[in-house]
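In: sequence first, then the predicted structure, then my questions.
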Amino acid sequence: MGLSASEARFLSLTGKKSDLEFEAQQISNRRERLASGTNEVQAAYSKSINNTVLKFKVITEEGMKSNVLTYSSIMGKYADSAFSNMYLTDALGRKVVADKKDIPDGENEKEYIVDPHLLEGAYFEDTLKEGVYFISKKDTEGKLVPQSLATLPLITEEYDESDDAQAEAKYNQEMDKLQRDDKKLELELNRIESNHKAIETELQSVQKIIEKNIETSFKTFSG
């Protein structure tokens, strides 16, 4: 192989080597994103199986029952028993309802705020757990006093196992896909690394040929 041909081959191999290195970097970045996705899936699964639900106890004809605490629990059929003289309030002591129609006749609407999202179970629970809203009880003077969930014996916070099976199925499905995608990328990266190694070996060989041709030419012209 002549000097010109060797140099052309060397440049071609160098270009292919750079292309493979860029491709390998792209695949490594994609694998990092998959790893991040794996962490997100695991975190979501952990949150799903460790989520809690607020429940309250009420005496029925069948005995003591435990029901999921909802906005309707306070305003609905249990209002006259378990939640007698209790109201949902905000941090400023204003009564909170999901709809204006829930404001008792004759009461001042300005003393209330309306939050339609209260009918959403998760939202309602979160506002109580995070201290956005409170269950308040009238004291002997008729003043509303916010109650801590921990001090309300009729309310308990329990692990919600109703969605665990669904969460596990979703977790397994998503993890399986992430692992398959990562395996494909790993095989592709191995192929690239193998080609890269072969090109490096050939580059060294071509480099030696170029150096030998230069050495021969130098000797010829200097002789």
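Out: The structure has been received and is ready for your questions.

In: which strand residues bridge Leu144?
Out: Lys138 (DSSP bridges).

In: might you report the residue contacts of it?
Out: 87, 89, 93, 95, 136-138 (Cβ atoms under 8 Å, 6 or more residues apart in numbering). Where C-beta positions appear, they are placed from N, C-alpha and C, glycine not excepted.

In: those, buried ones only, as a ChimeraX selection?
Out: Here is the ChimeraX command that selects the buried residues among those (16 or more other Cβ atoms under 10 Å):
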select :87,89,95,136,137
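
In: so which of the contacts of Leu144 are in strands?
Out: Secondary structure defined by DSSP state E assigns 87, 89, 95, 136-138 of the contacts of Leu144 to strands.

In: Val132 reaches Asp90, doesn't it?
Out: Yes - counting by Cβ atoms under 8 Å, Asp90 is a contact partner of Val132 at 7.2 Å.

In: more crowded one of these two?
Out: Asp90 (17 against 13; other Cβ atoms under 10 Å).

In: hang on, that one packs against Ile135?
Out: No - taking Cβ under 8 Å as the definition, Asp90 is not a contact partner of Ile135, at 11.6 Å.

In: so what sits against both of those two?
Out: Both Asp90 and Ile135 lack any common contact, where contact means Cβ under 8 Å, 6+ apart.

In: walk me through the domains of the chain.
Out: For the chain, the structural domains run 3-48+165-222, 52-159, going by automatic domain parsing.

In: centre of the chain to the longest helix along the chain, how far?
Out: Across the chain, the helix with the greatest residue count (assigned by DSSP state H) is helix 164-222. Centroid separation between helix 164-222 and its chain, computed with Cα atoms, centre = their mean, to the nearest Å, is 33 Å.

In: and the domains of the chain, which one averages the lowest pLDDT?
Out: The stretch with the lowest mean pLDDT among the domains of the chain is domain 52-159, at a mean of 83.

In: which residue comes closest to Glu200 once chain neighbours are left out?
Out: Nearest residue to Glu200, sequence neighbours excluded (Cβ to Cβ, 6 or more residues apart in numbering): Lys17, at 6.9 Å.

In: and Thr127, how many residues sit next to it?
Out: Using other Cβ under 10 Å, the number of residues around Thr127 comes to 19.

In: switch to numbering from 20
Out: All set: I'll call the first residue 20, so the last point we hit is now Thr146.

In: what's the closest residue to it other than its chain neighbours sitting at in phi/psi?
Out: Nearest non-adjacent residue to Thr146, counting by Cβ to Cβ, 6+ apart: Tyr152, 4.3 Å away. Per-residue torsions, Tyr152: phi -120, psi 160 (degrees, to the nearest 10).
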